[in-house]
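Engineer: Build the 3D model from these lines:
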Amino acid sequence: MISETQFQNELQLIIANAIREDVGDGDHSSLACIPVNAKGKAKLLVKDEGIIAGVAFAQMVFQYVDPELKTEVMIQDGSPVKYGDVVFYVEGSSQSILKAERLVLNAMQRMSAIATKTQDFVSLLDGTDTKILDTRKTTPGIRALEKWAVKIGGGENHRFALYDMIMLKDNHIDFAGGITKAIQKTKDYLKEKGKDLKIIVEARNLDEVDEILQSEGVYRILLDNFDYDETREAVKRIGGKCQTESSGGINEETIRQYAECGVDYISSGALTHSVYNMDLSLKAV
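Structural biologist: Numbering: from 1, shown residues only. You can find the predicted model right below:
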């Protein structure tokens with residue numbers, strides 16, 4: 001993953017772009033009927049159940065829109081919530097609260113859905129040594145939020161983007177002329193550029209696992225679309241020489257069986273691309 005400084009910069013870019021997109025030259029609905037000096041208070045109301053996420057992000061949004069806005073947090077990120085719970089109160093300029101409202105809700109509804117789904121997957125792995133990973137199958141423009149939500153839900157982040165880790169997948173391997181050539185070219189490239197990036201290599205079958213193991217310096221082998229027997233055999237052959245990761249359509253019904261095959265990680269795009277937003281609202285009090 002990227003550094004904390006880079007991650008915080010991504011969050012600030014998300015906020016700035018979202019406010020630009022939503023507010024433009026002004027929230028004319030509020031400007032038209034609410035006095036500029038009017039003060040108000042609102043609460044974040046839960047109308048669903050699951051794991052809440054995005055509280056800290058909401059505070060960042062309020063701070064960006066109006067540093068004078070004050071929040072009182074009642075329920076922290078990562079906590080279970082139910083219908084009727086109040087997550088936080090925000091108080092200050094009524095116009096500022098309304099300006100921030102939609103971004104706060106859009107972000108928290110999606111982040112909470114992702115955190116909830118992630119915790120469901122994590123609970124299915126209880127008692128194993130396998131960890132759940134996200135992927136790059138995220139919503140363009142808000143990847144940092146979605147990966148943050150995975151962490152809040154108890155999962156772990158895979159690489160953030162194309163630039164912070166090497167991942168040689170089937171197309172890279174085929175275009176490069178094979179696994180061994182792809183790995184060697186990658187090592188040469190990293191040496192030439194003076195970069196220290198971990199290398200993950202995808203295997204499509206056990207023969208490719210064996211070929212990958214002939215090259216040194218591979219951080220993790222990705223076992224793509226292996227069945228249970230193939231996965232167990234691959235883990236046996238790898239024997240701790242590098243990390244192992246299973247991927248490829250793994251869902252709630254199959255994740256436990258893959259974990260019991262002994263892999264270190266299971267990656268799932270479903271954590272971020274197949275969720276239904278949690279129902280939340282911001283209500284004046």
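Engineer: from here on, contacts and neighbour counts on C-alpha atoms
Structural biologist: Noted.
Engineer: With adjacent residues omitted, what lies nearest to Gln59?
Structural biologist: Leaving aside its chain neighbours, Gln59 sits nearest to Thr71 (7.1 Å; criterion: Cα to Cα, 6 or more residues apart in numbering).
Engineer: quick one: strands adjacent to the stretch of helix or strand that neighbour belongs to?
Structural biologist: In the assignment (DSSP states H and E), Thr71 maps to strand 70-73. Strands flanking strand 70-73 in the sheet, each with its direction: strand 86-93 (antiparallel) (DSSP bridges).
Engineer: Tell me how confident the model is about the partner strand, as a mean pLDDT.
Structural biologist: Averaged across strand 86-93, the pLDDT comes to 98.
Engineer: can you check stretch 274-283 too?
Structural biologist: In this model, stretch 274-283 has a mean pLDDT of 97.
Engineer: and the end-to-end length of it?
Structural biologist: With Cα to Cα, to the nearest Å as the measure, stretch 274-283 spans 28 Å from end to end.
Engineer: Report the inter-axis angle for the helix or strand hosting Met111 versus strand 86-93.
Structural biologist: If you go by DSSP H and E, Met111 is part of helix 94-124. Relative orientation of helix 94-124 versus strand 86-93 (axes from the mean of the first three to the mean of the last three Cα atoms, to 10 degrees): 160 degrees.
Engineer: picking up where we left off before, I'd like to know how many residues surround the residue nearest to Gln59.
Structural biologist: Using other Cα atoms under 10 Å, Thr71 is surrounded by 18 other residues.
Engineer: ok, Gly127 - how many residues close by?
Structural biologist: 10.
Engineer: Mind checking what secondary structure it has?
Structural biologist: Following DSSP: H, G, I helix; E, B strand; the rest coil, the label given to Gly127 is coil.
Engineer: so who does it touch?
Structural biologist: Residues in contact with Gly127 (Cα atoms under 8 Å, 6 or more residues apart in numbering): none are found.
Engineer: residues contacting Ser94?
Structural biologist: Contacts of Ser94 (Cα under 8 Å, 6+ apart): Ile34, Ala38, Lys39, Gly40, Lys41.
Engineer: repeat that for 6 Å
Structural biologist: With contact taken as Cα atoms under 6 Å, 6 or more residues apart in numbering, Ser94 is in contact with Ala38, Lys39, Gly40.
Engineer: circling back to that earlier point, so what pLDDT did the residue nearest to Gln59 get?
Structural biologist: So Thr71 comes in at 98 (pLDDT).
Engineer: just Gly249 next, same as before
Structural biologist: Gly249 is given a pLDDT of 88.
Engineer: Now for it, how many residues are close by?
Structural biologist: 13.
Engineer: For Ala270, see how far away it is.
Structural biologist: For Gly249, the distance to Ala270 (Cα to Cα) stands at 8 Å.
Engineer: list the helices and strands whatever helix or strand comes next after the strand holding Thr71 packs on?
Structural biologist: Where DSSP H and E defines the elements, the next helix or strand beyond strand 70-73 is strand 80-81. Packed against strand 80-81 by the contact rule (3 or more Cα pairs under 6 Å, 6 or more residues apart in numbering; DSSP states H and E) you find strand 50-51.
Engineer: strand partners of the strand it packs on, parallel vs antiparallel please.
Structural biologist: With DSSP bridges as the test, strand 50-51 is paired with strand 80-81 (antiparallel).
Engineer: so how far is the strand it pairs with off the chain centroid?
Structural biologist: How far strand 80-81 lies from its chain's middle: 19 Å, per Cα atoms, centre = their mean, to the nearest Å.
Engineer: What lies in contact with that strand?
Structural biologist: Strand 80-81 is contacted by residues Glu49, Gly50, Ile51 when judged by Cα under 6 Å, 6+ apart.
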